[in-house]
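Participant: sequence and predicted structure are below.
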Amino acid sequence: MSDETGKYLCIAALMITGLLGACTARACSRAHRQGQPGSDRAIWAGLAIVCVLFAQTRLARVLGWLKGLGAWLRVLAREHHFYAGRRPIQIVATIAVVLVVAVLLAIGIASAWDYIKRYRLAIGFTGIAVGFGLIRFISLHEVDAWNRTLPWVWDAAELIAAMGASSVAAVRLAQLRGPPRGSVSRTSEISPS
């Protein structure tokens, strides 16, 4: 698979995740209006917005619309005398992003068994993709060298993040739609006759 194909695949996966998140937010809203558990609608809507915006910025980067942004930011940092002392800030910011993503993912995994709070797992998965994007934006030299040697890792991380968040959204969406018609619900199987 070419590098260009991988980038477009990631963009499509993030857009699909955003669409599933939006559908889940709508289903949660409908369930909430009917008096069922659906208070997580705002979180799913926010997750959908983050995924779509991240996909759009990734598309803008692939299409070359952000070409002069890095040079402009460097000039701006030099004018305000931030460029010379940027190294410690880059290291602290990179470590902070990694820690936040790890905490989000750990909280998501810990609450994966609570069917209402499963959105935390989706947030953790989305945090992986956004975290990789932020670390790349911070542009620490060691990370840039690693990214040049293994360019597929970023695409793989985004695909894993999109698949994980999409899976959680699909499970929540199916949960809100209820059991299929004609099937026996779990409560009727468990209740004594």
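Facilitator: Good, I have the coordinates.

Participant: how about the helices in this structure?
Facilitator: 3-33, 41-62, 69-79, 86-110, 119-138, 141-149, 152-177, 186-190 (DSSP state H).

Participant: make CSV out of these and add mean pLDDT and mean neighbour count.
Facilitator: In this view, the C-beta of every residue, glycine as well, is placed from N, C-alpha and C. Below are the helices of the chain laid out as CSV (pLDDT from 0 to 100; neighbours: other Cβ atoms under 10 Å):
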stretch, mean pLDDT, mean neighbour count
helix 3-33, 89, 19
helix 41-62, 88, 19
helix 69-79, 78, 12
helix 86-110, 81, 15
helix 119-138, 80, 22
helix 141-149, 74, 11
helix 152-177, 85, 19
helix 186-190, 45, 8
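
Participant: leaving out chain neighbours, which residue sits closest to the residue most central in space within the chain?
Facilitator: Residue closest to the average C-alpha location in the chain (Cα atoms, centre = their mean): Thr126, at 1.7 Å. Nearest non-adjacent residue to Thr126, counting by Cβ to Cβ, 6 or more residues apart in numbering: Ala165, 5.0 Å away.

Participant: that neighbour touches Thr17, doesn't it?
Facilitator: Yes: if you go by Cβ atoms under 8 Å, Ala165 and Thr17 touch, sitting 4.9 Å apart.

Participant: which neighbours do those two share?
Facilitator: 51, 126 (Cβ atoms under 8 Å, 6 or more residues apart in numbering).

Participant: now do the phi/psi pair for Gly85.
Facilitator: Dihedral pair for Gly85: phi -100, psi 30, per degrees, to the nearest 10.

Participant: separation between the residue nearest to Thr126 and Ala13?
Facilitator: 9 Å (Cβ to Cβ, to the nearest Å).

Participant: OK, contacts around Ala162?
Facilitator: 10, 13-14, 16-17, 51, 125, 129.
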